[in-house]
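1. Fold the following.
(one chain, ligands or ions: 2)
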Amino acid sequence: MSEILLKVSNLVKTYPGLHPVQALRGVSFEVSKGEIFGLLGPNGAGKTTTVGIATTRVIPTSGDITVDSVDVIKNPQEAKMLMGVVTQFNTLDRSLNVKENLYFHCKYFGYSSKMAKQRSDELLELFQLTDKSKAKPIALSGGLAQRVQLARAIAHYPKILFLDEPTAGLDPQSRLALWQVVKILKSQGVTIILTTHYMEEADSLCDRLAIVDHGKILQLDTPQNLKSSLGATTFLDLKFVDNVEDKISKIETIDEVTEVEKLTDRYRVFVTDPKSITLVIEAAVSMGLKDLSIIEPTLETVFIKLTGRELRD
Ligand SMILES: Nc1ncnc2c1ncn2[C@@H]1O[C@H](COP(=O)(O)OP(=O)(O)O)[C@@H](O)[C@H]1O
Ligand SMILES: [Mg+2]
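-> Ligands and ions are numbered 1, 2, ... in the order given. Next up, the predicted model:
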């Protein structure tokens, strides 16, 4: 049996106010030691709120959460020692340089001055930041700042690391570099909870993930199982010149077509055998085809299937 490191049970969070916001409506999941677990969902889904509760920053309305069997709500101080956090926004201390940011974090977590200095040097090396050690956060690119935040987050050897949208707003190259670091941390046995609205990120990094929307988990599985749950190997997105509502059954009845879904401006055809693609296209052309795209199942298609909406803003 794998060891459960994070246990989230029925979390509910309503932000009070004139117009209360139900950010979480009963979220439950468990994360095993060594796993990279993802929360994938659009803006406003409740990802940051979940991470906020797990990291003691937000008090839930109800529900339970434990990290390594420590009750996060009852024993926040003890729980904090077990975790590292990289928040969505840069929280580096602007008045300190890169090395000092690492050093004072270590001190905060109880290191002696000597040990804190040693650990800071080690982290600078590990994250290839040595030549930036004297730089102030303001002078760093987004990618570098994220790397420093990550170095700081793992400085005290947390058992579990929370990364809230770690690559949001980064250029593709910095994003790939950060993925590399995340993979290295995983190989060292760190358990990671990652939130993202990038499906490629969730797909390439996560062992398992929960698709979240409006404060609820819609589906939870490995990326591979989520994609195969669609029951199709290929999708054809078809746009027509005219309204084809009365003719679409022509496509629905083709062998190996398991489903035809009507989206806002197009039809999505689920095909289980690529050989049927030509048949679908022939039928579509005879109905006045305007535009066609052939897509492989992705987590985006899973999200659309679950919500009828696209993941992107
Ligand atoms: N401090 C807050 N006060 C009021 N509403 C909030 C607060 N933080 C988040 N919300 C709302 O809660 C919902 C979930 O937000 P959030 O957890 O930040 O989602 P995500 O990280 O997935 O974008 C959103 O509707 C958001 O506007
Ligand atoms: Mg967020």
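
2. And stretch 292-312, end to end?
-> Start to finish, the residues bounding stretch 292-312 are 21 Å apart (Cα to Cα, to the nearest Å).

3. which phi and psi does the closest residue to P274 other than its chain neighbours have?
-> Nearest residue to P274, sequence neighbours excluded (Cβ to Cβ, 6 or more residues apart in numbering): T234, at 5.6 Å. Every C-beta, even on glycine, is put in place using the N, C-alpha and C of the backbone. When quoted as degrees, to the nearest 10, the phi and psi of T234 stand at phi -150, psi 150.

4. now do the one 10 residues further on
-> Here the main-chain torsion angles of V244 (degrees, to the nearest 10) amount to phi -120, psi 20.

5. who's in contact with the closest residue to it other than its chain neighbours?
-> Distances taken as Cβ to Cβ, 6+ apart place M287 nearest to V244, at 5.0 Å, with adjacent residues excluded. The neighbourhood of M287, defined by Cβ atoms under 8 Å, 6 or more residues apart in numbering, consists of F240, V244, K247, I248, K250, I251.

6. Neighbour-wise, give me the winner out of those.
-> The most neighbours of any of those, using other Cβ atoms under 10 Å, belong to I251, which has 21 neighbours.

7. What strand or helix carries the nearest residue to F37 once chain neighbours are set aside?
-> Distances taken as Cβ to Cβ, 6+ apart put V31 closest to F37, at 4.3 Å, once the chain neighbours are dropped. Using DSSP states H and E, V31 maps to strand 21-32.

8. Would you map the helices across the protein?
-> Applying DSSP state H to the chain gives helices spanning 47-54, 76-81, 98-108, 113-126, 142-154, 172-187, 199-205, 223-228, 249-252, 277-286, 299-307.

9. and among the ones you listed, the most buried is which?
-> Mean neighbours per residue, mean count of other Cβ atoms under 10 Å, is largest over the helices of the chain for helix 47-54, with a mean of 24.

10. Any part of it near ligand 2?
-> Yes. Helix 47-54 is in contact with ligand 2 by Cβ under 5 Å from the ion, via K47, T48.

11. can you list the residues of the chain near ligand 2?
-> K47, T48.

12. care to break the chain down by domain?
-> By the assignment in automatic domain parsing, the chain contains the domains 4-223, 231-296.

13. Out of these, which gets nearest to R312?
-> With Cβ to Cβ as the criterion, R312 lies closest to domain 4-223 of the domains of the chain, at 7.5 Å.

14. what distance separates that closest one from the centre of its chain?
-> Once both centres are worked out by Cα atoms, centre = their mean, to the nearest Å, domain 4-223 turns out to sit 11 Å from its chain's centre.

15. Apart from its chain neighbours, what residue comes closest to D265?
-> By the measure of Cβ to Cβ, 6+ apart, the closest residue to D265 outside its immediate chain neighbours is K239, 6.4 Å from it.
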